[in-house]
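# Provided below for reference: sequence and predicted model.
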Amino acid sequence: MPGDRIEVPIDGYVIDIVRGDLLVEIQTRNFSSIKKKLETLTKTHPVRLVHPMAKEKWVVRETSDGKSEIGRRRSPKKRHFVDVFEELVRIPELLLNDNFELELLLTREEEIRQKDGRGSWKRRGWSIVDRRLIEVVDTRMLRTDTDYLGFLPTELSTPFTTTELASTLGTTKTLARKVTYCLRKMKLISQIGKKGNAWLYAV
């Protein structure tokens, strides 16, 4: 945006974007690596963490010199807003800090790979050399307890188990456990008993 300053040193850190009083950090993964930075900055500054998530990703393979495209395929993995909890388990205590807000971007993007022999064995020597944003298809801003509780489907019965949450969300039990973990750490839901061997949760 007009007036934005890029890569500005503040309080011993380099900030991606400074927009007036707001500090904006962009992080695609591994929130653990930015946790200390966010905790320090939010003590004295309003901070927005922007997290792009690929709803649609094309894997593009290029020659080693990057001049020619060899092929492309659409990745079967599609991310949704709730997948952010894969990362939020690393910073749950920070989420309701008055100086913190989280902006989620669902994107269409290209992942550019070149076969330089330095890539991981899983990619058989292909390295990821670039990511190109094609389009932002949706956004979601998270600031308040209501914003985070909005991840609980309205049709979810209460109290509920993680199995019931996973079924209602249409996701895995592992991710549902991360949702309940974060919401408990934020003191937005509580364990109120058990149903068999499963914990029961309520807002």
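Okay, I see it. Numbering: from 1, shown residues only.
# Return the set of residues that bridge with the residue lying closest to L41 once chain neighbours are set aside.
The shortest distance from L41 to any non-neighbouring residue, by Cβ to Cβ, 6 or more residues apart in numbering, is to V47 (5.1 Å). Yep, even glycine has a C-beta here, placed from its N, CA and C like the rest. Beta bridges link V47 to L23, F100, judged by DSSP bridges.
# Tell me which residue is most central in the protein.
Nearest to the mean C-alpha position of the chain, counting by Cα atoms, centre = their mean, stands V84 at 3.7 Å.
# and that one, helix, strand or coil?
Following DSSP: H, G, I helix; E, B strand; the rest coil, we place V84 in the helix state.
# wait, doesn't it sit right on H51?
Yes. Contact criterion Cβ atoms under 8 Å: V84 and H51 qualify, at 6.2 Å.
# where do the contact lists of those two overlap?
The contact sets of V84 and H51 overlap at L102, L104 (Cβ atoms under 8 Å, 6 or more residues apart in numbering).
# neighbours of K57, just the number please.
For K57, the neighbour count with other Cβ atoms under 10 Å is 21.
# Report all helices and strands that the strand or helix carrying it contacts.
Using DSSP states H and E, K57 maps to strand 47-62. Identification of packing neighbours for strand 47-62 by 3 or more Cβ pairs under 8 Å, 6 or more residues apart in numbering; DSSP states H and E yields strand 22-26, helix 35-41, strand 69-74, strand 100-115, strand 126-142.
# swap the cut-off to 10 Å and go again
Strand 47-62 is packed against strand 13-19, strand 22-26, helix 35-41, strand 69-74, helix 85-88, strand 100-115, strand 126-142, with contacts defined by 3 or more Cβ pairs under 10 Å, 6 or more residues apart in numbering; DSSP states H and E.
# tell me the angle of that strand relative to strand 69-74?
If you take axes from the mean of the first three to the mean of the last three Cα atoms, to 10 degrees, strand 47-62 sits at 130 degrees to strand 69-74.
# quick check: angle from strand 47-62 to strand 22-26?
Using the same axes, to 10 degrees: strand 47-62 against strand 22-26 is 30 degrees.
# Now strand 47-62 - C-alpha only, CSV.
What follows is strand 47-62, C-alpha atoms only, in CSV (Å, rounded to 0.1, in the frame of the first residue of the first chain):
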residue,chain,number,x,y,z
VAL,A,47,1.4,-6.6,15.0
ARG,A,48,-0.4,-8.3,12.1
LEU,A,49,0.8,-11.8,11.1
VAL,A,50,-0.2,-12.6,7.5
HIS,A,51,-0.3,-16.3,6.7
PRO,A,52,-0.8,-17.3,3.0
MET,A,53,-2.3,-20.8,2.5
ALA,A,54,-2.5,-22.5,-0.9
LYS,A,55,-6.1,-23.5,-1.7
GLU,A,56,-4.8,-24.4,-5.1
LYS,A,57,-1.2,-25.1,-6.0
TRP,A,58,0.4,-25.9,-9.3
VAL,A,59,3.8,-27.6,-9.2
VAL,A,60,5.8,-26.3,-12.2
ARG,A,61,9.0,-28.1,-13.2
GLU,A,62,11.7,-26.1,-15.1
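# Cool, thanks, signing off.
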